[in-house]
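Engineer: the following block contains a protein sequence and its predicted model.
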Amino acid sequence: MVSAVAAHLLLFLVSVNLIPIAPVLEERPFQVADGGVGVAALGKSRKRVFPMPHTEEPNPISEAYSYCNTPNRTEQAWEGHSPADYKLLSVQVMIRHGDRYPLYYIPKTKRPAIDCTLSTNRKPSHPLLNAFIRHMGQGSRGHWESTLGSVPRLPNHSACEMGELTQTGVVQHLRNGQLLHQAYKRHNLLPSDWSPRQVWVETTGKSRTLQSGLAFLYGFLPDFDWTRVTARHQWSTLFCGSACDCPARNRHLEEEQRRQYRLRVSDTELERTYADMARTLGLLTRQLRAANPIDSLLCHLCHGISFPCVPAGAGIAGGCLTMEQFAVIRRQQLDDEADRRRAGLYHKYAVLAMYPYLNRTAAKMERVARDNEAGRQRRPGGEELFTLSSAHDVTVAPLLSALGLEEARFPRFAARVVFELWKSPPATQGPAKKRAGRGEKAKAKDGELFVRVLYNGEDVTFHTSFCRAHDRRARQPLCPLKNFLSFVRRDMFGVVNATSYQEACSRRPG
Ligand SMILES: *[C@@H]1O[C@H](CO)[C@@H](O)[C@H](O)[C@H]1NC(C)=O
Ligand SMILES: *[C@@H]1O[C@H](CO)[C@@H](O)[C@H](O)[C@H]1NC(C)=O
Ligand SMILES: *[C@@H]1O[C@H](CO)[C@@H](O)[C@H](O)[C@H]1NC(C)=O
Ligand SMILES: *[C@@H]1O[C@H](CO)[C@@H](O)[C@H](O)[C@H]1NC(C)=O
């Protein structure tokens, strides 16, 4: 439980100078991570992820339910939509793992009773569930990088372990994969004989991300051929590969944590609530705080389990934790997200944290485009056409922030961010047209390249920093790839007054 301890330090120690570096952080539900909450949208029009600047407070309870992402309704997915005749060249997806058992335990209370074995007799279920379980039984045929081969490929404890993926989490990702399967079916993204290089799967070493990734992959490519799958291991939750070293990033994170701490201790309602809850359970306030009760309470809420109660006794007031107390903690977290956006410290951290991932994403797009131009795109051994990165909230939240999607909701369970690369149909050049008119063959100009970015199925391309200013009514209905490339290669470092990752990372504190 080293990671839980690290998270605890981050949340609750004042002496932030001693904080361990970011990439080893475990997720801290709703706490440090960013993304903001689509505030005014709550309850009113659930479809709008990006409401106008908000004037009213969100409802902390309904917001928490949307975080659960209970798979009980059909979802809109705008993936795969483009002007007619555009060709889909590649898709890169980052997901947050699905619903999981708490990472923290509230002392003196009973743990929520949740069964983490998979069964179609339990809700929520999925038509693919049994086939998925069978398919995972053959997983030893896949290629597993480093230690991934020894991570269980299915959750399978009748009493969930801490942080274990639940059946809900599996179903969430079977559904995600299936949604994208539908969305991309007619675009023939992958050749039927796709090669191991064309489908790239990467995950952290946690069972919940590995299992989430496999459920997604199964929904996307039912009965996929195991021998063509390699699961790559990302050691850092930032998916920064070999470019994780960035001293300045950690300084930005520490500043952000100091801001967060100051805001929290100035919230008297929150402090009173923690004290009340601690009294009910017979704990010291700081013991309760360290147990990060919101994590466990969210699990109760998402699974329809009533909040924990304890009998009165010596030094224990007794009683149950209440929805009102839960709402106060959630309200403070939403305040924190709003304050974080205003302060901008987290955004600086996020830009440095996610550059390596974005740089890889951009490089892949360029390679795929180059291969396509050379007409090699359907050959085995071609570049990655589909990438799946199975990650955590501490990955997805900085990704959203780095892209400038500050108003996006905090990544719920099984959240997904999708990058699509499109090519417009070859245009006929002016002079060529004239010549063609005189009976010569028209010379086709190669199509242009565009990106789309989607968050939980919603097209957010024109909310990103690199395409916010793009005039959609102009000739180009999508966002040009070059906007994204110059953003990643240079422009994104403007917020830290630098022009490159190396420059920004090596800067001395000033
Ligand atoms: C889905 O589940 C959520 C949370 O349990 C609940 O609030 C909502 O009413 C359910 N929706 C449907 C359509 O059943
Ligand atoms: C789950 O665990 C049980 C008991 O250890 C075992 O019998 C069963 O085969 C496992 N199921 C899967 C799908 O791994
Ligand atoms: C960024 O990507 C390029 C390839 O496009 C690579 O050469 C470079 O090393 C990458 N930089 C970092 C810091 O990851
Ligand atoms: C930005 O960086 C340049 C060159 O490194 C420096 O001269 C300038 O003072 C910096 N500006 C701010 C606002 O830090």
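Structural biologist: The structure has been received and is ready for your questions. Residues are numbered from 1 along each chain as shown. Ligands and ions are numbered 1, 2, ... in the order given.
Engineer: part of a helix, is residue 74?
Structural biologist: No - counting by DSSP: H, G, I helix; E, B strand; the rest coil, residue 74 falls outside a helix, being coil.
Engineer: count the neighbours of it for me.
Structural biologist: Residue 74 sits with 8 neighbouring residues when counted by other Cβ atoms under 10 Å. The C-beta positions use only the backbone N, C-alpha and C, and glycine is treated the same way.
Engineer: and it, how far from residue 145?
Structural biologist: As judged by Cβ to Cβ, to the nearest Å, residue 74 and residue 145 stand 36 Å apart.
Engineer: show me what contacts the closest residue to residue 79 other than its chain neighbours?
Structural biologist: When the adjacent residues along the chain are set aside, residue 79 lies closest to residue 183, with 4.0 Å between them (Cβ to Cβ, 6 or more residues apart in numbering). When contacts are counted by Cβ atoms under 8 Å, 6 or more residues apart in numbering, residue 183 touches 77, 79, 80, 81.
Engineer: model confidence score at residue 183, please.
Structural biologist: pLDDT recorded at residue 183 is 96.
Engineer: cool, and residue 433?
Structural biologist: The per-residue pLDDT reported for residue 433 equals 44.
Engineer: cool, and residue 381?
Structural biologist: For residue 381, the model assigns a pLDDT of 52.
Engineer: in PDB, list the C-alpha atoms belonging to stretch 452-470.
Structural biologist: Output of stretch 452-470 as PDB, limited to C-alpha atoms (Å, rounded to 0.1, in the frame of the first residue of the first chain):
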ATOM      1  CA  ARG A 452     -10.800  15.500 -33.700                       C
ATOM      2  CA  VAL A 453     -10.800  15.200 -29.900                       C
ATOM      3  CA  LEU A 454     -13.600  13.600 -28.000                       C
ATOM      4  CA  TYR A 455     -14.300  13.300 -24.300                       C
ATOM      5  CA  ASN A 456     -16.900  10.700 -23.200                       C
ATOM      6  CA  GLY A 457     -18.300  10.700 -26.700                       C
ATOM      7  CA  GLU A 458     -18.700  14.500 -27.000                       C
ATOM      8  CA  ASP A 459     -16.800  16.400 -29.600                       C
ATOM      9  CA  VAL A 460     -14.600  18.900 -27.700                       C
ATOM     10  CA  THR A 461     -12.200  19.700 -30.500                       C
ATOM     11  CA  PHE A 462     -13.100  23.300 -30.600                       C
ATOM     12  CA  HIS A 463     -12.800  23.800 -26.900                       C
ATOM     13  CA  THR A 464      -9.100  22.800 -27.000                       C
ATOM     14  CA  SER A 465      -6.400  25.400 -26.700                       C
ATOM     15  CA  PHE A 466      -5.200  24.600 -30.200                       C
ATOM     16  CA  CYS A 467      -8.500  24.900 -32.000                       C
ATOM     17  CA  ARG A 468     -10.600  27.200 -29.900                       C
ATOM     18  CA  ALA A 469      -9.800  30.100 -32.300                       C
ATOM     19  CA  HIS A 470     -10.300  28.100 -35.500                       C
END
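Engineer: scan this protein for its longest helix.
Structural biologist: In the chain, taking DSSP state H as the definition, the longest helix is helix 345-373.
Engineer: past the helix or strand of the chain with the lowest mean pLDDT, which element shows up next along the chain?
Structural biologist: Least confident helix or strand, the chain: helix 2-12 with a mean of 33, by mean pLDDT, DSSP states H and E. Per DSSP states H and E, the first helix or strand lying C-terminal to helix 2-12 is helix 60-68.
Engineer: state the mean pLDDT of that following helix.
Structural biologist: On average, helix 60-68 scores 94.
Engineer: chain center to it: distance?
Structural biologist: Chain-centre distance of helix 60-68: 17 Å, with Cα atoms, centre = their mean, to the nearest Å.
Engineer: for it, name the packing helices and strands.
Structural biologist: Contact partners of helix 60-68 among helices and strands, from 3 or more Cβ pairs under 8 Å, 6 or more residues apart in numbering; DSSP states H and E: helix 293-302, helix 323-343.
Engineer: with only the CA atoms kept, save that helix in CSV.
Structural biologist: The C-alpha coordinates for helix 60-68 follow below in CSV (Å, rounded to 0.1, in the frame of the first residue of the first chain):
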residue,chain,number,x,y,z
PRO,A,60,-22.9,17.7,-5.4
ILE,A,61,-25.1,14.6,-5.2
SER,A,62,-26.2,14.4,-8.8
GLU,A,63,-22.7,15.2,-9.8
ALA,A,64,-21.5,12.3,-7.8
TYR,A,65,-24.0,10.0,-9.5
SER,A,66,-22.6,11.0,-12.9
TYR,A,67,-19.1,10.2,-11.6
CYS,A,68,-20.3,6.6,-10.9
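Engineer: report whether it contacts ligand 1.
Structural biologist: Yes - under the criterion of Cβ under 6 Å from any ligand atom, helix 60-68 makes contact with ligand 1 via residue 65.
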